[in-house]
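Asker: curious how this folds, go ahead:
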Amino acid sequence: LAEVYTRLGHGAENATWRNFYLAGAMELKAAPNPAPVDLGAPDVIAAITVEQIFGSLAIRVDGPKAWNERFTIDWHLTDLDEHHRTTMSNGALIHRERPPASPADLTLRLTKPQLLGLIAGTDGDGVDHDGDMTVLHRLTAVLEEPTPGFAVVTP
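Answerer: From the prediction side, this is the model:
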């Protein structure tokens, strides 16, 4: 297949297709070796948006394990002056920015570094909250570990 891709690449007039074929041939001949990225570096952590944080939580939810869980958590990020809501229902975690004013099972008032710490597994000491803190433990109980090769973001 690598030889076929090489021939197709050499015969392609379009640069996009030529690149596609030749890159595919190169990957088949020798597996790509990407440079490692330190996801724990302060500048990388600072660049991660809150939406990306909640998105990473949503894809880590074990759907069958979380199927019977029903709860809502409001996240008030005091340092960014942002309000977010995550709702667990039917095995899926749904994120909304600027949620409507309705009651939540747990309301957390914290900073972005504290949010990253909670996701990394800290116990939440020092985080101002209203409601049932066991809801946070119910959330973390249905999260799968990140895929090997991907670092857990820690502050």
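
Asker: quick check: what element follows the lowest-mean-pLDDT helix or strand in the chain along the chain?
Answerer: Least confident helix or strand of the chain, by mean pLDDT, DSSP states H and E, is helix 42-47 with a mean of 74. Following helix 42-47 in sequence order, the next helix or strand is helix 50-59 (DSSP states H and E).

Asker: next SSE downstream of that following helix?
Answerer: Using DSSP H and E, the helix or strand that follows helix 50-59 in sequence is helix 63-66.

Asker: helices or strands up against that following helix?
Answerer: Where contact means 3 or more C-beta pairs under 8 Å, 6 or more residues apart in numbering; DSSP states H and E, helix 63-66 is packed against strand 92-97. Every C-beta, even on glycine, is put in place using the N, C-alpha and C of the backbone.

Asker: direction included, what does the strand it packs on pair against?
Answerer: strand 82-89 (antiparallel) (DSSP bridges).

Asker: contact partners of the strand it pairs with?
Answerer: With contacts defined as C-beta atoms under 8 Å, 6 or more residues apart in numbering, strand 82-89 is touched by 50, 54, 57, 61, 66, 69-77, 93-99, 104, 138-139, 142.

Asker: how much space between the most centrally placed residue in the chain and H95?
Answerer: The chain has S56 as the residue nearest its centroid, 1.4 Å off, counting by C-alpha atoms, centre = their mean. Spatial separation of S56 from H95 under the definition C-beta to C-beta, to the nearest Å is 10 Å.

Asker: one more: N14?
Answerer: Distance from N14 to H95, by C-beta to C-beta: 40 Å.

Asker: one more: D43?
Answerer: 24 Å.

Asker: no further queries at this time; thank you.
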